[in-house]
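Peer 1: Quick one: sequence and predicted model below, then my questions.
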Amino acid sequence: MNTTYDPKAIERKWQERWHLSGIYEVDLGHAKSPYYNLMMFPYPSAEGLHVGNVYAFTGADIHGRYKAMRGMDVFEPMGFDAFGIHSENFAIKRGIHPKTLIADNVRHFREQLTRLGGRFAWSHAVETTDPEYYRWTQWIFLQFFKAGLAQRRKAPVNWCPSCKTVLANEQVISGRCERCDSEVVQRELEQWFFDITRYADRLLDNLDDLDWSDVIKIAQRNWIGRSDGAELRFPLAKDRAKTIPVFTTRPDTVFGATFLVLAPEHPLVAELVTAETEVEVKAYVHEAAERSQEERIGGQDKTGVFTGGFAVNPFSGKEIPIYIADYVLYGYGTGAIMAVPGHDARDFDFATKYGLPIVRVVAGPGDDQGTLTEAYDEPGTAMGSGPFNGLPTSEAKEAAIRLAEERGIGHRHRTYHLRNWLISRQRYWGPPIPVVYCDRCGIVGVPEEELPIMLPDVQDFVPKGTGESPLAAIPSFVETTCPSCHGPARRETDVSDNFLDSAWYFLRYPSSGDGDHAFDPELTRKWLPVDSYIGGKEHAVLHLLYTRFVCMALHDLGYLDFEEPFKRFRAHGVIVRGGTKMSKSRGNVVNPDEFFDRYGADTLRSYLMFMGPYEEGGDFSDQGIEGIYRFLNRVYHLVRKNVGHSGVDVSNDALRLRHQTIRRVTEDIEGLKYNTALAALMEYLNGLQREPAVALEDLRTLVLLLAPFAPHLTEELWQALGQAYSVHKATWPSYDAAILVAKTVTVVVQVDGKLRDRLQLPAGLDEAAVREAALQSDVVRRFLPDGAELRFVHVPDRLLSIATR
RNA sequence: GCCGAAGUGGCGGAAUGGCAGACGCGCCGCACUCAAAAUGCGGUGGGCAAUCCCCGUGUGGGUUCGAGUCCCACCUUCGGCACCA
């Protein structure tokens, strides 16, 4: 063995040995203590592994290595999420076929992931672009289609003019395309949807029992956005048989509804216009359609026009005007609202601008019935509301719903912000949606035995912006026969959303290579749900919600016996550099290869974990990494120097330090506090270095505890210590609580809350003895006024607090 | 606007209501060296000659023998949602 720590040589050597001996592969069928350790598979970008990936994977890998040393059969698979607009746009820009591009990128990623030293079960790797994978993505679509969960319908959708495809709501970030930042416009198109809203209540209610990071649960609750209220029907003044349904969470304020507002897209608009208003209304509707979503949202100044029609407030009996305004969204609720300007800020703004009446129907605190200068949206007491007068808001709501139901003019209703999942994309790089259109039979699912519907290998995959996928231009793909009547038919040319690929990849890992099932029932029962899933917060409402939905649906269809895919999910933090986000434009991106070369993977892994609490992220400093590098060097040299000295007597202090360290590192790893686990190991090392010689047991302990963080170095040292291959199969050390107890303790003495003295005392003294010792201290006595009445608070073995007043 | 998280040395960050600043970076000093680097040892919140003492965890109040930690109000930063009725 060399005398200097040479991470490059050590790491290459052990990576090869691990690979050849297959120590990270698991016999999935026979494992006794299965533990599924999952991390979010990467999108293989051309830039290579990002340091954010390294951070995410290292944290998850440490967890996996720890569990393996605790005796679990840890399955830690890795794969590649290689379909999607991102790859496709990049391929178009470079003029390279995405297939070629992805193959190169995957190769590079595999190399980097190997250098990282993860305990990956490579034999189970999956790639979503592999026909043997997307065949089953299509199969899932078919199951949903057969169950009526996948439906084609016309709906206002988000259209990205630059990517030339529709986007799901989740892919629109404040009116802009998540991928290319272009302004998103609304288009009315026929698209494929998964009816995730049918699962809204279960998706929401199950969250209570999930062991997931709170941030994610909160984000999902907000996103699902359940609100309870009522749907009330407002008859038209000119034809009372016709009604306009509105959704409200404040049925108690219905007496204050002084006008109605419809979304410009509302189908009733055409019926309401009069000869006088027609021109203006048409112009407004047209304008609203042209406006990008960002413009509609961005300008908080409300606009709208009077339709010319009137409705009747079914509670007050008054006739009220009907407006259209684009602050009312067609896609939510009924696309129409009853406007209560007295108690809703938006309606107040609108009423003020257009001179509409503002009526107070809720009295504020202290029976405040004064004129409103702004909307009062707090709870209060109903007033000016006929039968509800005097009722507090919550009771008035119930009374209003009851009355509406009795009189047949409305009913209790619940609605959600969550929209159905738009899964079709007018693009090339994705799994073709497996249906055909037949003039005679309509929409027909492709028979399962015909899967996969292969993505044709073509040169021209650039979207045309016609609203159709590039596949539509390939007659050999489009023209087919109907599976049902065998007549001529056309294939669906849209591909499915990238998020469908990643919504089930963890189901595939154990069954990778299985040609008969998407996921083998027996393996699935044994290994799922996933024991630990670690990933980024950015997928809180995308990947993590879709995945839950897909599992729930597959459960209901009888394919899974659980409905929640991940028993435990933890969101890791984000790495910044110099306090700011890393980005290419700032030029502060950390390239992992550079650090692998200069310090080795063990140093990079450990440093990333040392920067801060794993769930909070940290600030990457090029100087800071030196400290960890020095630490690993010192470990290396300490072990080498002491390899021979096995029979050293250990002092009580040294023994206690060993056991304390085991406890601290164990607890910190369990709680993902990797930064303090490493700090404990540094303290341990500092302690050992002060000893003249170090016992073998301490060297073993140090190496074992460090193994999850620095897998290569510790493997090397484990061998140097003459221990059996591999340290990663060795047993995690345990500590003896009895040894942790110190014989002498420092008892702190406070006088009136201020620290005055520290006493070295034998452990376990009672209060009287500690008092006596404290009162003998000169320092303490100096602060005790003569003749003062003293009160004592005693915390055994820790503190004595003396109060003099 | 709403929801969430966080404000601690020069920096990253530690602290079951009980010794604030563990651990590391940086810096200062010393040793080794002809010298430097590397390494090792010591020091390092502010005030002060001081191992005395005083001050100190965003701001202002409060609870407590005792508050970085709990409660109330506010300020700032970051993240998410955002005309969702």
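Peer 2: Structure's in. What do you need?

Peer 1: now the strands for the stretch 401-550 of chain A?
Peer 2: According to DSSP state E, counting those that start in this stretch, the stretch 401-550 of chain A carries its strands in the segments A:410-415, A:421-422, A:424-425, A:435-438, A:442-445, A:479-481, A:488-491, A:495-496, A:532-536.

Peer 1: Can you lay out those strands as TSV showing mean pLDDT and mean neighbour count?
Peer 2: Glycine gets a C-beta too; all of them are placed from N, C-alpha and C. Listed next are those as TSV, based on pLDDT from 0 to 100; neighbours: other C-beta atoms under 10 Å:
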stretch	mean pLDDT	mean neighbour count
strand A:410-415	93	17
strand A:421-422	91	22
strand A:424-425	90	26
strand A:435-438	95	21
strand A:442-445	94	16
strand A:479-481	94	13
strand A:488-491	95	18
strand A:495-496	94	27
strand A:532-536	94	22
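
Peer 1: Am I right that residue A:64 is in contact with residue A:78?
Peer 2: No - under the criterion of C-beta atoms under 8 Å, residue A:64 makes no contact with residue A:78, lying 11.2 Å away.

Peer 1: Burial check on the residue of chain A found nearest RNA strand B, number of neighbours?
Peer 2: The minimum distance from chain A to RNA strand B, using C-beta to the nearest atom of the strand, falls at residue A:627 (2.5 Å). Residues near residue A:627, counting by other C-beta atoms under 10 Å, number 14.

Peer 1: That one looks like it's in a helix, true?
Peer 2: Yes - the assignment for residue A:627 by DSSP: H, G, I helix; E, B strand; the rest coil puts it in a helix.

Peer 1: Nearest residue to residue A:68 in space, please, no chain neighbours.
Peer 2: Once flanking residues are discounted, residue A:68 sits nearest to residue A:74: 4.3 Å by C-beta to C-beta, 6 or more residues apart in numbering.

Peer 1: Actually, residue A:563.
Peer 2: Nearest to residue A:563 is residue A:555, by C-beta to C-beta, 6+ apart, at 4.2 Å.

Peer 1: Name the helix or strand for the one you found, please.
Peer 2: Take DSSP states H and E as the rule and residue A:555 turns out to sit in helix A:543-556.

Peer 1: what's the angle from that helix to strand A:532-536?
Peer 2: 140 degrees (axes from the mean of the first three to the mean of the last three C-alpha atoms, to 10 degrees).

Peer 1: Surely the residue nearest to residue A:563 is in contact with residue A:548?
Peer 2: No - Residue A:555 is beyond contact range of residue A:548, at 10.4 Å (criterion: C-beta under 8 Å).

Peer 1: Look at the two and report which has more neighbours.
Peer 2: More crowded of residue A:555 and residue A:548, by other C-beta under 10 Å: residue A:548, with 23 against 15.

Peer 1: Between the two ends of stretch A:797-805, how far is it?
Peer 2: One end of stretch A:797-805 sits 24 Å from the other (C-alpha to C-alpha, to the nearest Å).

Peer 1: Repeat that for stretch A:349-367.
Peer 2: Stretch A:349-367 end-to-end distance (C-alpha to C-alpha) = 24 Å.

Peer 1: list the buried ones in it?
Peer 2: The neighbour-count check on stretch A:349-367 (16 or more other C-beta atoms under 10 Å) flags A:349, A:350, A:351, A:354, A:356, A:358, A:359, A:360, A:361, A:362, A:363 as buried.

Peer 1: For the last one, pull up the helix or strand it's in.
Peer 2: When you say that, I think you mean residue A:363. Going by DSSP H and E, residue A:363 is in strand A:362-363.

Peer 1: nearest spatial neighbour of the one residue sitting closest to the centre of chain A, skipping sequence neighbours?
Peer 2: Centroid-nearest residue in chain A: residue A:540, 2.4 Å away (criterion: C-alpha atoms, centre = their mean). Spatially, and ignoring its direct neighbours in sequence, residue A:540 is nearest to residue A:219 (3.9 Å; C-beta to C-beta, 6+ apart).

Peer 1: State the pLDDT value of the one you found.
Peer 2: Note on residue A:219: pLDDT of 90.

Peer 1: Same check on residue A:90?
Peer 2: pLDDT, residue A:90: 84.

Peer 1: just checking, it is part of a strand?
Peer 2: No - checked against three-state DSSP, residue A:90 lies outside a strand; its state is helix.

Peer 1: There's contact between it and residue A:44 in this structure, I believe.
Peer 2: No - the criterion here is C-beta under 8 Å, and residue A:90 misses it with residue A:44 at 10.8 Å.

Peer 1: Tell me which of these two has more neighbours.
Peer 2: The residue with more neighbours, out of residue A:90 and residue A:44, is residue A:44; 25 against 17, by other C-beta under 10 Å.

Peer 1: Name the next helix or strand downstream of the helix holding residue A:555, please.
Peer 2: strand A:568-572.

Peer 1: what packs against the helix or strand following that next one?
Peer 2: Of the helices and strands lying after strand A:568-572 in sequence (DSSP H and E), the nearest is strand A:574-577. Where contact means 3 or more C-beta pairs under 8 Å, 6 or more residues apart in numbering; DSSP states H and E, strand A:574-577 is packed against helix A:51-69, strand A:617-620.

Peer 1: if you set the cut-off to 6 Å instead, what comes out?
Peer 2: strand A:617-620 (3 or more C-beta pairs under 6 Å, 6 or more residues apart in numbering; DSSP states H and E).

Peer 1: If we go by neighbour counts, what in the strand it packs on is buried?
Peer 2: Quick answer for strand A:617-620 (16+ other C-beta under 10 Å): A:617, A:618, A:620.

Peer 1: Neighbouring strands - and their directions - for it?
Peer 2: Partners of strand A:617-620 in the sheet, by DSSP bridges, are strand A:574-577 (parallel).

Peer 1: Let me know the helix or strand that residue A:38 is in.
Peer 2: Here residue A:38 is assigned to strand A:34-39, by DSSP H and E.

Peer 1: Go ahead and name everything in contact with that strand.
Peer 2: Residues outside strand A:34-39 that contact it (C-beta atoms under 6 Å, 6 or more residues apart in numbering) are A:57, A:60, A:64, A:67, A:72-76, A:506, A:526-527, A:530-534.
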